[in-house]
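1. how would this look folded up:
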Amino acid sequence: MSPSWSVCGAVWRNAVLGERRNWAIGWAVVSLALSALGVLFAVAFAASPMARMVAWTLPLAALALFHWLRYIPGAVRQNSPANARLVPGLHQSVRRTTVLAWCLTMAPMALLACAFEQPLLGMVVFCVAITAIGMARGGRRIGTVIYLLVIVAQGFVVGSDPMVAWLSSAPVLAVLMLMCLAMAWDGLRTIFPAGGERHWKILPAQAKERVSTDLHQSMRLNRAGGRSARLYALLLRHDLRAGASPRHLLLHALGPYNHRFDVVLPVLMVLLLALAARLVMSILGLDYGAVPAEIIRAFAVPLVLLQGLSLERMVVSMNNTRVEQALVRLAPRAPQADRLGRTLARQLLAISLAEWLASGLVVVAMLVLFGAGWPHMVIVATAMSVSLGAAGWALRDYTVDQSSSFGAEAIVQTLLLGAGGVALFLVRDNLPLWSALLALMVASAVAVIHGRWKTMVEAPVPFPAGRAG
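-> Next comes the predicted model:
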């Protein structure tokens, strides 16, 4: 039976909307609202026509990417081994719908590529990146590798006019496009098999990808296991010694992923690697003038902005250690019920602020190491002011279920802080206005943290968590 358009439409709707229809629509509205605010600021402050064109097309591109990330796991779920074999025409319909969904995703990307100096090259890069993301979301690890290679290669190509000219030549573009088509065809075959042994083998990777956009579920799978690092074991031994502070022992009841050096030491390792790279470049006589810009792009976002996402591990740990929490309530050294919430909140906030500060200072130290100027520091300060509000993420009323952490309050806070961050970035050349906005952003972040602090301190005793949910 040949695939019908009505079946393709049903496949697309079930893949994009799925069971959490309101969640998907809500996130789409949030993405558009954030992008619309960015457009308003860009149109108000951007001088060049290219910048304005990017501002108008970026919201559509962001929504298209959200659609693609949402569609692939949903389509994979429908193409189960049983459905692929037993439902007539479904397998072909899923593949055809995927091709159409890819074209729908690429349409805004094509508009965005028109703003580049080499639009055809930009279009090819977008094609490769979107295809690689689709393969990764479909359970193919090679997709992640290809996507990371594109990001790294782009960092080397940008600023090299001879390399850009060579890649923009017709023969090279044709070869790149053929390679992209071959990769897309391979991805279509491998992530949507028609049953069989190969289909069964890819199911575990696809199952993991289906929850990867759910921060809580993803961390529950990746970080809530029983493994503990050697660093954690040493820290536990230190906290068990005679005379150690009971408040530090309180965190150990939540498992090995909430200790005081979970993120601090890894970012310090990044700084040591940067120091080694700086010494090697000096010995070899290499120019490192372009390195600060690469640091901003490669490290400022992961270490400063995305660091706040790691705090979800604390929420996950509260859900996964309820038995241990009940035992802690019986421990002689445990804080009394009227002080337990405040003690735990103080510990979680101290860890969050320490990780936020360490991430920012490591980026600043790396920039200083490679001779960065004031404009780079302004960008880091902007990112840190935005991420400061996330320091209170783990502070909440834990007597209710925390499986869905991103509620209406968090959405509003993210919208406000995100809009402020966009404004700060766009006016970074106007020092007085930037300074005023920075102070407002920091005050807003402190207000967010204070509100979450009061919620946790005034809530009932948090151990055991989730008993009212």
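2. ok, L188 - contacts?
-> 95, 98-99 (Cβ atoms under 8 Å, 6 or more residues apart in numbering). (Glycine included, C-beta is placed from N, CA and C.)
3. Could you point out which of those is nearest to G74?
-> T98 (10.5 Å; Cβ to Cβ).
4. and that closest one, what element?
-> helix 90-113 (DSSP states H and E).
5. could you say what helices and strands that helix packs with?
-> Contacts defined by 3 or more Cβ pairs under 8 Å, 6 or more residues apart in numbering; DSSP states H and E place helix 90-113 against helix 5-16, helix 49-78, helix 81-86, helix 119-137, helix 170-191.
6. tell me the mean pLDDT over that helix?
-> The average pLDDT for helix 90-113 rounds to 87.
7. now it against helix 170-191, angle please.
-> Angle, helix 90-113 to helix 170-191, by axes from the mean of the first three to the mean of the last three Cα atoms, to 10 degrees: 150 degrees.
8. and helix 90-113, which residues are buried?
-> 90-98, 101-102, 105-106, 108-113 (16 or more other Cβ atoms under 10 Å).
9. tell me the secondary structure for R333?
-> Taken by DSSP: H, G, I helix; E, B strand; the rest coil, the conformation at R333 corresponds to coil.
10. I'd say it and P246 touch.
-> Yes: R333 lies in contact with P246 (Cβ atoms under 8 Å); the separation is 4.4 Å.
11. Contact partners for F463?
-> Taking Cβ under 8 Å, 6+ apart as the test, what F463 contacts is 253, 325-326, 328-329, 340.
12. what angle do the helix holding T98 and helix 5-16 make?
-> Using the same axes, to 10 degrees: helix 90-113 against helix 5-16 is 70 degrees.
13. residue ranges with poor pLDDT in the stretch 201-350 of the chain?
-> Scanning the stretch 201-350 of the chain for pLDDT under 70 picks out the ranges 208-229, 242-244, 257, 288, 290, 297-306.
14. Please enumerate the helices of it.
-> 215-223, 230-239, 246-252, 264-284, 291-295, 312-320, 322-328, 337-369 (DSSP state H, counting those that start in this stretch).
15. which of those sits most buried?
-> helix 312-320 (a mean of 23; mean count of other Cβ atoms under 10 Å).
16. other SSEs contacting it?
-> helix 215-223.
17. Confirm for me that C127 is in contact with M177.
-> Yes: with contact defined as Cβ under 8 Å, C127 reaches M177; the gap is 7.3 Å.
18. quick one, which of these two is more surrounded?
-> Using other Cβ atoms under 10 Å, the more surrounded residue of C127 and M177 is C127, with 22 against 15.
19. Okay, the spatially closest residue to the more buried one that is not a sequence neighbour and P73: tell me how far apart.
-> Ranked by Cβ to Cβ, 6 or more residues apart in numbering and with sequence neighbours excluded, the top spatial neighbour of C127 is C180, at 4.8 Å. Counting by Cβ to Cβ, to the nearest Å, the separation of C180 from P73 is 22 Å.
20. same check, this time on A153
-> 27 Å.
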